[in-house]
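Turn this into a structure:
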Amino acid sequence: IPLHNGGKPMKKQLKELTIKDNFMFGAVMTMPENCKDFLEMVLQTKLSEVVVSKEKSMIYHPEYKGIRLDVYANDEERTHYNVEMQVSKKPALGRRSRYYQSQIDMELLVSGEEYEELPDTYVIFLCDFDPFGQKKYRYTFSSECQECKESKLQDGRCTIFLSTHGENEDEVPKELVTFLRFVKAGLQESEQNFHDDYVEKLQRTIREIKRDREMEERFMILEEMLKDERKEGRIEGREEGRAEGARISLCTILECKGRIPDMFRKQIETEQNLEVLRNWLVLAAKSDTMEAFLAEAESVKGRQCGQKE
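A predicted model of the protein is given here:
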C-alpha cells in the first residue's frame, strides 16, 4: 500500500482503485455487458449472451487469496469461462490454470453432466506483467500432440494469458492493445481519453461504482477480511517457523547422542505443538544418552497434553 501516515500504511480507498485492483475488476465484470464485450474482444468471436455467476463472484476465498470471478456464457455450445486478474507474478501459473479447469469440470460432473457432454472451457488470466517473457500481449494454450502438431486432443480446454507488457501490436487486435494499456495505467492515466468505446464504457462503470455507497461498504468489509487473513497467516507462519527451528535443533542435539530411531524421527517431523518440541529440547540437552532421552520423551509429551486438558 503506497500511502503512509506516521510510518503506518493507510488503507486504500475505493476512489483510489483502478480496474487492475481485484475488487474493481470483479465489480466491473459482474455486469454482463462489460463481461460479454471483454470475452468477445479476447476471443474475437460473437457471443449470444453472457451470464455472470454472481454467487461465485466478488467474494473472498482464502484458497484463492483474493477475488474469484466465475463467468458463464450461455451460447449454443454452453461454453464456460473463468476470468482472473493477476497483478503480481505468482509461482506455477500453469498449474493454477489446471486447477481452475478441473474445478469447472468437477462442478459440472457433480451437477449430473456426462463426460461426453462437458462443454468447452476457457481460463483467462489478465496479467499486469509478462508471464512468459516473450513480450506478447496474448498467450493461448490448448492441447496438441508433440509428435504431430496437426493432431489436436480436442479436450475442449483453452487457457489464455493476457499481458499488459506486450510489444507485438501488429499481431493482436487494436482494441485489445488499448484495453491492456488501460489496465496497466495508474489512477490519473486511467481516467484519460483512450479513444476506444469499450474503455470509455468501463470508465463510466468505474465512476458509477465509486459513487455507490453500497459498493464502498462491500469494499471496506472485504479489506477487513483480507487484513484478518493476512494477520492470521503471519501468526501461523511465525509459529511454524519456530516449530521448524525447534525440530532442527532437537535433531542436531540427538544425533550427537546416537542414531535417532525412524519412528521417533517421524514423530519429531509431524509434531505441531511448539511447547512439546521445546520440552524435548530441554530433555535432550539434559540426557546423556539416546536411550535416556527416549525413556522420558513420551512422558514429557503426555504431561504437556495433560496440562492442556
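
Walking through the chain, point out its helices one by one.
Counting by DSSP state H, the chain has helices at residues 22-29, 32-43, 93-110, 174-184, 187-190, 197-211, 213-255, 262-270, 274-286, 290-308.

Can you say which of those helices is nearest to Tyr81?
Closest to Tyr81 of these, according to Cβ to Cβ: helix 32-43, at 6.2 Å. C-beta here means a position set from N, CA and C on the backbone, and glycine is covered the same way.

Check the nearest residue to Cys35 once chain neighbours are set aside and give its pLDDT.
The shortest distance from Cys35 to any non-neighbouring residue, by Cβ to Cβ, 6 or more residues apart in numbering, is to Met29 (4.7 Å). Taken from the predicted model, the pLDDT recorded for Met29 is 89.

so how far is Val83 from Met29?
Distance from Met29 to Val83, counting by Cβ to Cβ, to the nearest Å: 6 Å.

now do Arg204
Relative to Val83, Arg204 is positioned 20 Å away (Cβ to Cβ).

Of the two, which one has the most company?
Val83 (25 against 10; other Cβ atoms under 10 Å).

ok, what's across the strand from the more buried one?
Leu69, Ile124 (DSSP bridges).

Excluding chain neighbours, what is closest to Glu144?
Using Cβ to Cβ, 6+ apart, the nearest residue to Glu144 is Lys152, at 5.4 Å.

and that neighbour, how many neighbours does it have?
Lys152: 11 neighbours (other Cβ under 10 Å).

Check the one 3 residues further on too.
Using other Cβ under 10 Å, Asp155 has 13 neighbouring residues.

Please apply the same query to Lys36.
20.

Just grab the bridge partners of the closest residue to it other than its chain neighbours for me.
Counting by Cβ to Cβ, 6+ apart, Val50 is the residue found nearest to Lys36 once chain neighbours are left out, at 3.9 Å. Per DSSP bridges, the residues bridged to Val50 are Ala73.

Val50 contacts Pro32, doesn't it?
Yes. Val50 lies in contact with Pro32 (Cβ atoms under 8 Å); the separation is 5.1 Å.

between the two, who's got more neighbours?
Legend: neighbour count by other Cβ under 10 Å for Val50 and Pro32, higher for Val50 (23 against 15).

His80 versus that one, what's the distance?
Here the criterion is Cβ to Cβ. By it, Val50 lies 11 Å from His80.

again, but for Ser287
61 Å.

neighbour-wise, which of those two wins?
Of the pair Ser287 and His80, His80 is the one with more neighbours under other Cβ under 10 Å, namely 23 against 18.

any idea how far the more buried one is from Glu33?
His80 is 19 Å from Glu33, by Cβ to Cβ.

quick one: low-confidence ranges for the stretch 151-300 of the chain?
Within the stretch 151-300 of the chain, the segments meeting pLDDT under 70 span 225-239, 300.

Could you rerun that using 80?
For the stretch 151-300 of the chain, the stretches with pLDDT under 80 are 218, 220-242, 245, 282, 285-286, 298-300.

list the contacts for Arg247?
Shown in contact with Arg247 (Cβ atoms under 8 Å, 6 or more residues apart in numbering): 268-269, 271, 277.

tell me which residues in stretch 28-43 are buried?
Residues 28-31, 34-40, 42-43 are the ones in stretch 28-43 that count as buried (16 or more other Cβ atoms under 10 Å).

next one: stretch 111-128
118-128.

Select from those every entry located in strands.
Assigned to strands by DSSP state E, the following of those qualify: 121-127.

Give me the distance between Lys36 and Lys46.
For Lys36, the distance to Lys46 (Cβ to Cβ) stands at 9 Å.

Check Glu244 too.
55 Å.

Which of those two has more residues huddled nearby?
Shown here are Glu244 and Lys46; by other Cβ under 10 Å, Glu244 has more neighbours (12 against 9).

and Lys15, what is it in contact with?
Lys210.

For the helices of the chain, give me CSV that also has distance to Gln13.
Output for these, formatted as CSV (distance: least, Cβ to Cβ, whole Å):
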stretch, distance to Gln13
helix 22-29, 11
helix 32-43, 22
helix 93-110, 29
helix 174-184, 20
helix 187-190, 11
helix 197-211, 9
helix 213-255, 8
helix 262-270, 45
helix 274-286, 39
helix 290-308, 44
